[in-house]
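A.B. asks: Okay, predicted coordinates and the sequence, questions at the end:
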Amino acid sequence: MFAKRIVTERLLLRPWVPTDVPDSVRLLGDIAVSSWLTVVPHPYGVADALDFIEKGDHDGVYCIEINGQVAGGIGGKGHLGYWLGVEFWGQGFMSNAAPAVVAEWFKQGGGDLESGYFIG
């Protein structure tokens with residue numbers, strides 16, 4: 001069982017909750033964000049967000065919260081995936097979030113961890 005919350009010097013990594021739906025729809029609805037993701041439909045709607053939050057297995061998957069705002073998501077089982085809303089790009093937030101999630105993965109004996117990227 002992974003930590004429910006991870007607090008870093010700049011952000012909070014926490015479980016997804018239904019009140020995150022409007023922000024996740026707004027942020028993932030931006031093609032500049034969703035075009036970099038392999039499993040997120042576009043357009044991303046309320047039904048997609050509710051399905052993810054209510055039916056998903058979220059152990060090791062976190063909402064990234066910055067100053068009380070939903071900023072993105074990170075985590076996975078055996079695969080490190082992540083995204084940030086455009087307004088949070090270029091500020092070093094993922095450089096703070098990713099090491100914390102990777103450390104938690106290995107702390108829990110998670111084994112191999114993969115990740116990928118898109119050129120561009």
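C.D. replies: Received the coordinates, thanks.

A.B. asks: so what pLDDT did the residue nearest to the spatial centre of the chain get?
C.D. replies: With distances taken as Cα atoms, centre = their mean, the chain has Gly73 as the residue nearest its mean C-alpha position (1.2 Å). The predicted local confidence for Gly73 comes out at a pLDDT of 97.

A.B. asks: Now do the same contact list for Ile53.
C.D. replies: 16-18, 20-21, 24 (Cβ atoms under 8 Å, 6 or more residues apart in numbering). In this view, the C-beta of every residue, glycine as well, is placed from N, C-alpha and C.

A.B. asks: Buried residues, the longest helix seen in the chain. List them.
C.D. replies: Of all the segments of type helix in the chain, defined by DSSP state H, the longest one is helix 93-107. Applying a neighbour-count criterion of 16 or more other Cβ atoms under 10 Å, one finds 93-94, 96-97, 100-101, 104-105 buried in helix 93-107.

A.B. asks: Name the nearest of the residues you listed relative to Val40.
C.D. replies: Checking these against Val40 by Cβ to Cβ gives Met94 as the nearest, at 16.6 Å.

A.B. asks: and the spatially closest residue to Ser115 that is not a sequence neighbour, what does it touch?
C.D. replies: The shortest distance from Ser115 to any non-neighbouring residue, by Cβ to Cβ, 6 or more residues apart in numbering, is to Leu80 (4.1 Å). With contact taken as Cβ under 8 Å, 6+ apart, Leu80 is in contact with 74, 98, 101-102, 105, 113-115.

A.B. asks: Nearest to Asp59 among the residues you listed?
C.D. replies: Taking Cβ to Cβ as the measure, Trp105 is the one of the contacts of Leu80 closest to Asp59, at 11.1 Å.

A.B. asks: Isn't the closest one up against Tyr62?
C.D. replies: No: with contact defined as Cβ atoms under 8 Å, Trp105 does not reach Tyr62; the gap is 11.4 Å.
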